[in-house]
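> Test case, fold it:
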Amino acid sequence: MTGVVQTSHGAVSGRRSTGGTTFLGIPYGADTGGANRFRPPQPVAPWEGVRDCVEYGPSCPQITVGEMTGQELTDDIEALAGVWNRERVMSEDCLVLNVWTPQGGADSATTAQRPVLVWLHGGGFATGSASWPLYDFARLSSRGDVVVVSVNHRLGVLGFCDLSAHGDDVADSGNVGMLDIVAALGWVHDNIAAFGGDPGNVTVFGESGGGAKITALLAMPAARGLFQQVFVMSGALLHGVDPDAARDITRQLFDLLGVSDLAEFATVDVASLIAASLRLPRRGRVVPMVPFSPTLGSSLPAHPIDAIRHGSASGVQAVVGCTSHEMLSFVGTQELWSLDEAGLIVRVERDLGADAARVLAAYRALRPDESPASLYITIASDQTMRVAHIRLAEALEAGGGPAPFCYLFSWGYPGPDGVVRSGHGTDMAFCFDTVAAAPAFAGPHAAPLVDAMSGALLGLAGRRDPATAGVPAWPAYTRADRATMVIDVASHMVPDPFGPERGIWDDVGDAVLGIR
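Below is the predicted model of the structure:
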């Protein structure tokens, strides 16, 4: 049985089940190939009749997770990546979104105006898709009586290659992937009421690259007013790419492809574009990434952290959080566990440069008995994620809006050394109530973790407050007390759990923080 909803471009039908109705692959923009390549998203052409939306639409042509990081993946990320990068349709005609409604939500006669959640997938700015099985939001929609939307958009060289030096019509090419997301949010604003959602109560949530996309949105004038809450999981983009650096990347790409101008570049096939992008010098320290990400320009006029500090996110209520040992999932390969002290010094110097000796000495003083491998995981995790999230939380408070709520997800699994750690992405299945799609996370611990994580997300969406029956009182994070909810089987509030380490980073500039 299908439900039919009238959108601004035509009618769509979805698939009904006992829990609600799912609409997959709804186009929100025109094909980005041909004359539209590297240009802002264009409106989709209206259609006649009813469009059958029961299968996921194409993903943007892209690299794999392993190609994005350029290094060996740990077992947990390899397992997830195997699902993420399973065979699927890829096409430049990728501006599609998916909608999950609870029972009655897609009934055109309903007057309900439910909270709306919009999901931005992970994978940095180079890979990923809204069709990953972990991103099936049927259970979350039913659990919270909310409407959930997930979005595909342009990635990598197709979404973030700065060609502004080659003409006004491609002046925003370094941010078209973000402009796709703005267009999707515009579609939500114009159409979600027909699905039973409230266009005036939209929460954008994302993990890893999805969280980084949220921080970019918070700094984009075009996104202002399209959402009211954000839930940032393990991803904070502090800086955009400077225009000079972006243009240099483009020059190198032209050289690799043997082209001299935009006309030639526009004719290069997608496979060759992606292959050449993998030959460019990488950016980042702990995890060197392909160099394409949001670029400073007219659509992103300031570095996100600076814009947020100056009030670009005022009025937006945020929840910001990460796992306890984010980089375990990227650097915790078998080779790491035999690391000695000399090897530790080499790695930290590579990651931190002139700040390495001071930071390493301070961490060693805090953890004199920790193995070199364990200490490296801790320092790398703090550098790439935890400190960046603290800087984001501080900026949100400084920007004059409501103080954010912060969490630290600490449930995990023992490593080769027997120490329990929580790696990158460990919190997702519990937040989305999709543990069935990630059986490694199943067990008696799952129920309280689902209650805490999904409860926090749904509480933010419905009440602008993440506190739920499954966790204690949850005060906002301010510089005065830095209250942080530690989420575990028995969640508990801790004032400034990162205090000793935070002081180590106070004199370290933002330039070495985050994955970018």
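
> Low-confidence regions, this protein specifically.
Along the chain, the model assigns pLDDT under 70 to residues 1-2, 65-66, 68-87, 105-111, 284, 514-516.

> In it, which strand is the longest?
For the chain, the strand with the greatest residue count under DSSP state E is strand 197-207.

> Sheet partners, orientation included, of that strand?
strand 114-120 (parallel), strand 229-233 (parallel) (DSSP bridges).

> Dump the shortest one to CSV, restricted to CA.
Looking back up the chat, that one is strand 229-233. Provided in CSV are the C-alpha atoms of strand 229-233 (Å, rounded to 0.1, in the frame of the first residue of the first chain):
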residue,chain,number,x,y,z
GLN,A,229,18.3,23.2,16.2
VAL,A,230,21.4,21.2,15.4
PHE,A,231,22.8,18.0,16.8
VAL,A,232,26.5,17.8,16.0
MET,A,233,28.1,14.3,16.4
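
> contacting residues around that strand?
Contact partners of strand 229-233, identified using CB atoms under 8 Å, 6 or more residues apart in numbering, comprise 202-208, 210-211, 214-215, 217-218, 313, 316-322, 389, 392, 427-428, 431, 456-457, 460-461, 464. Every residue, glycine included, has its C-beta placed from N, CA and C.

> repeat that with 7 Å
203-207, 211, 214-215, 218, 316-321, 427, 457, 460-461, 464 (CB atoms under 7 Å, 6 or more residues apart in numbering).

> How about the longest helix seen in the chain, which residues are buried there?
Longest helix in the chain, counting residues (DSSP state H): helix 446-463. By neighbour count with 16 or more other CB atoms under 10 Å, helix 446-463 contains the buried residues 446, 448-462.

> Which elements pack onto whichever helix or strand comes after it?
Once helix 446-463 ends, the next helix or strand along the chain (criterion: DSSP states H and E) is strand 483-487. Applying 3 or more CB pairs under 7 Å, 6 or more residues apart in numbering; DSSP states H and E, one finds that strand 483-487 contacts strand 405-409, strand 492-495.

> Walk me through which strands strand 483-487 pairs with, and which way each runs.
strand 405-409 (parallel), strand 492-495 (antiparallel).

> looking at those, which is buried most?
strand 405-409 (a mean of 25; mean count of other CB atoms under 10 Å).

> Direction included, what does the helix or strand just after that strand pair up with?
As assigned by DSSP H and E, the chain's next helix or strand after strand 405-409 is strand 413-414. Sheet pairing for strand 413-414, assigned by DSSP bridges, gives strand 420-421 (antiparallel).

> Tell me who's in contact with Asp145.
Residues counted as contacts of Asp145 (CB under 7 Å, 6+ apart) are 102, 114.

> who are the neighbours in contact with the residue nearest the centre of the chain?
Nearest residue to the geometric centre of the chain (CA atoms, centre = their mean): Gly210, 1.3 Å. Applying CB under 7 Å, 6+ apart, we find Gly210 in contact with 120-122, 235.

> Same check on Ser8?
Listed by CB under 7 Å, 6+ apart, the contact set of Ser8 reads 190-191.

> Can you give me the distance of the nearest residue to Gly19 once chain neighbours are set aside to Val170?
Using CB to CB, 6 or more residues apart in numbering and skipping residues adjacent in sequence, the residue nearest Gly19 is Ser142, 4.2 Å away. Distance, Ser142 to Val170, using CB to CB, to the nearest Å: 43 Å.

> Isn't Leu262 up against Leu163?
Yes. Using CB atoms under 7 Å, Leu262 is in contact with Leu163, at 6.2 Å.

> of those two, who's got more company?
When Leu262 and Leu163 are compared for neighbours, Leu163 comes out ahead with 23 against 17, by other CB atoms under 10 Å.

> SS state for Glu48?
State at Glu48, reduced to three classes by DSSP: H, G, I helix; E, B strand; the rest coil: coil.

> I meant to write Ala429 there.
Recorded secondary structure, Ala429: helix (three-state DSSP).

> if we can go back for a sec, which of the strands paired with strand 197-207 sits closest to Val494?
The closest of the strands paired with strand 197-207 to Val494 is strand 229-233. By CB to CB, the value is 18.8 Å.

> Which strands or helices does the next helix-or-strand element following that closest one pack on?
Using DSSP H and E, the helix or strand that follows strand 229-233 towards the C-terminus is helix 243-257. Packing partners of helix 243-257 (3+ CB pairs under 7 Å, 6+ apart): helix 270-277.

> which outside residues touch the helix it packs on?
61, 63, 92, 156-157, 253, 256-257, 290, 292.

> quick one: buried residues of that helix?
Neighbour counts using 16+ other CB under 10 Å place 270, 273-274, 276-277 of helix 270-277 among the buried residues.

> CSV please, covering those residues and showing distance to Arg479.
Below are the buried residues of helix 270-277 laid out as CSV (distance: CB to CB, whole Å):
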residue, distance to Arg479
Val270, 47
Leu273, 45
Ile274, 44
Ala276, 45
Ser277, 40
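
> Pick out whichever of those residues sits closest to Leu134.
Nearest to Leu134 among the buried residues of helix 270-277: Ile274, at 24.3 Å, using CB to CB.

> From Phe205, how far off is the closest one?
Distance from Ile274 to Phe205, counting by CB to CB: 28 Å.

> quick one: the residue nearest to Gly19 and Thr18 touch, right?
No. If you go by CB under 7 Å, Ser142 and Thr18 don't touch, sitting 8.9 Å apart.

> re earlier: what would the strands paired with strand 483-487 look like in JSON lines with distance to Asp340?
Compiled in JSON lines, the strands paired with strand 483-487 are given as follows (distance: least, CB to CB, whole Å):
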{"stretch": "strand 405-409", "distance to Asp340": "30"}
{"stretch": "strand 492-495", "distance to Asp340": "33"}
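
> So for Gly128, which of those strands sits nearest?
strand 405-409 (20.3 Å).

> Can you get me a residue count around the nearest residue to His325 once chain neighbours are set aside?
Leaving aside its sequence neighbours, His325 sits nearest to Arg421 (CB to CB, 6+ apart; 3.9 Å). Using other CB under 10 Å, Arg421 has 24 neighbouring residues.

> now Ser17
Ser17, neighbours per other CB under 10 Å, totals 12.

> One more: Arg39?
Using other CB under 10 Å, Arg39 is surrounded by 16 other residues.

> could you list every residue that touches it?
So Arg39 contacts 169-170, 176 (CB under 7 Å, 6+ apart).

> who wins for neighbours among the residues you listed?
Within the contacts of Arg39, most neighbours by other CB under 10 Å means Val176, with 25 neighbours.

> Now do the buried residues in the helix or strand that it is a member of.
In this structure, Val176 is located in helix 176-191 according to DSSP H and E. Going by neighbour count (16+ other CB under 10 Å), the buried part of helix 176-191 is 176-189, 191.

> swap in stretch 413-433?
For stretch 413-433, the neighbour count (16+ other CB under 10 Å) marks 415, 421-433 as buried.

> quick one: which of these is nearest to Val50?
Minimum distance to Val50 across the buried residues of stretch 413-433 is 29.3 Å, recorded for Phe432 (CB to CB).

> For the closest one, give me its contacts.
Phe432 touches 134, 137, 140, 454, counting by CB under 7 Å, 6+ apart.

> Show me which pair in these is furthest apart.
Pairwise over these, using CB to CB, the maximum falls at Leu134 and Ser454, 13.2 Å.
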